[in-house]
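**Q** could you work out the structure for the sequence below:
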Amino acid sequence: MNTYPLKSIGIDDAKKMQFKMIDTITKHFNGSEVLSLGDLGVVKGLNKPSFTKKAEKVLAEFFNAEAATLVRGAGTGALRWGIISFLKPGDSILVHDAPIYPTTEVTLNTMGIKTIKADFNNIDEVKKVLLKSKLDGALVQYTRQKLEDSYDIGEIITLIKQHNENIKIITDDNYAVMKVDKIGTQLGADLSGFSSFKLLGPEGVGVLVGKADLIEKVVSLNYSGGSQVQGFEAMEVLRGLAYAPVSLAIQAEVNEELVERLKNGEVKGVKNAFLANAQSKVLLVEFEKEIANIVLEESEKLGAAPNPVGAESKYEMVPMIYRISGTFRKADPTLEKRMIRINPMRSGADTVIRILKESVKTAYEIL
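**A** Okay, here's the model as predicted:
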């Protein structure tokens, strides 16, 4: 089985990213403000908390974007408002020939947006679709949607813009931000949307960065007081982003170590191990026998999280050992019985290996 996971940045680059975030924060907040929780309400002239406005300026500068806004609804909300900013019912949008992320699909269906598919892994096919189709926009997901996905998001963005620079592109950057060198807008997209909850931030807050005119459209549509992200939430977003890069780089290192150790036979009963983006970058472990369900039950008893909260949120400290994704199960239903996925989260490789060894041992005793 071949997979093509995104290349994660290393610790040194993650440190630079952290330092850049802190440096940018100091340009927009004074010291006392950084140590406060932030304000509330709709400040006259801003129609939002002043701390939220300042945090948005930090985000725009950090991601080299014209503007940024914080919205309700996490990553789903960010993408939904981004799509609304440049599409109307009946418009057509280019998407990858793969299952669209379910919550994004709801937005497209609700708006009556027509989807035109092209296999992003096949550049010639993308070119043909661009030539024969009338497109009003494009949606490009940064992480993998199918096992065999290998496309370069920057290459796809460039190709679309070279064909017609007026086609608005929004990228789904969930599970990629702070793990890769550049997000979608830094590679030429008009908008990038992602969840702050997946980056050690607060629940339910989404981030949208990109072209100023599109961001302003979103801001104008979220004018009510109840739509505003409050100052204390905006500060939580920044705190999460400050710590996320290094934390995620360590997580990537642990994943690499686990693959090597498992392939070298450290845990008896493991047939294969490899990395894949599904959606977050995880370790897939295949067993020699159909013991996946037992291993999942035993791992939870030994302290592993059995399910995600926000998929790499601030609550997910212990390793998460859970069943393979629906996409994988659909591709090969038999995998569910002999394969699991693992995200080490904040744990070290030794912890994951220990839990796996004990779980597999118990599974063999039960069989």
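**Q** mind listing the strands for the stretch 101-250 of the chain?
**A** Shown for the stretch 101-250 of the chain, the strands assigned by DSSP state E, counting those that start in this stretch span residues 114-118, 137-141, 168-172, 191-195, 205-210.
**Q** would JSON lines of those strands with distance to Ala273 be doable?
**A** From N, CA and C alone the C-beta is placed, and that goes for glycine too. Formatted as JSON lines, the strands of the stretch 101-250 of the chain follow (distance: least, Cβ to Cβ, whole Å):
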{"stretch": "strand 114-118", "distance to Ala273": "32"}
{"stretch": "strand 137-141", "distance to Ala273": "25"}
{"stretch": "strand 168-172", "distance to Ala273": "27"}
{"stretch": "strand 191-195", "distance to Ala273": "28"}
{"stretch": "strand 205-210", "distance to Ala273": "33"}
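**Q** out of those, nearest to Ala65?
**A** strand 205-210 (4.2 Å; Cβ to Cβ).
**Q** for the closest one, name the packing helices and strands.
**A** helix 50-62, strand 67-72, helix 74-84, strand 191-195, helix 212-221, helix 231-263 (3 or more Cβ pairs under 8 Å, 6 or more residues apart in numbering; DSSP states H and E).
**Q** which neighbours does it have in its sheet, and in what orientation?
**A** strand 67-72 (antiparallel), strand 191-195 (antiparallel) (DSSP bridges).
**Q** winner for burial among the helices and strands packed on strand 205-210?
**A** Of all the helices and strands packed on strand 205-210, strand 191-195 carries the top mean neighbour count, a mean of 29, counting by mean count of other Cβ atoms under 10 Å.
**Q** before we move on, back to that, mind checking the strands paired with strand 205-210 for the one nearest to Val106?
**A** When the strands paired with strand 205-210 are compared by Cβ to Cβ, strand 191-195 sits nearest Val106, at 14.6 Å.
**Q** run through who's touching that closest one.
**A** 63, 65, 74-76, 78-79, 81-82, 85-86, 168-174, 176-177, 183-185, 201, 205-211, 214-215, 310 (Cβ atoms under 8 Å, 6 or more residues apart in numbering).
**Q** what subset of those is buried?
**A** Among the contacts of strand 191-195, those buried by neighbour count (16 or more other Cβ atoms under 10 Å) are 63, 65, 74-76, 78-79, 81-82, 85-86, 168-174, 176-177, 183-185, 201, 205-211, 214-215, 310.
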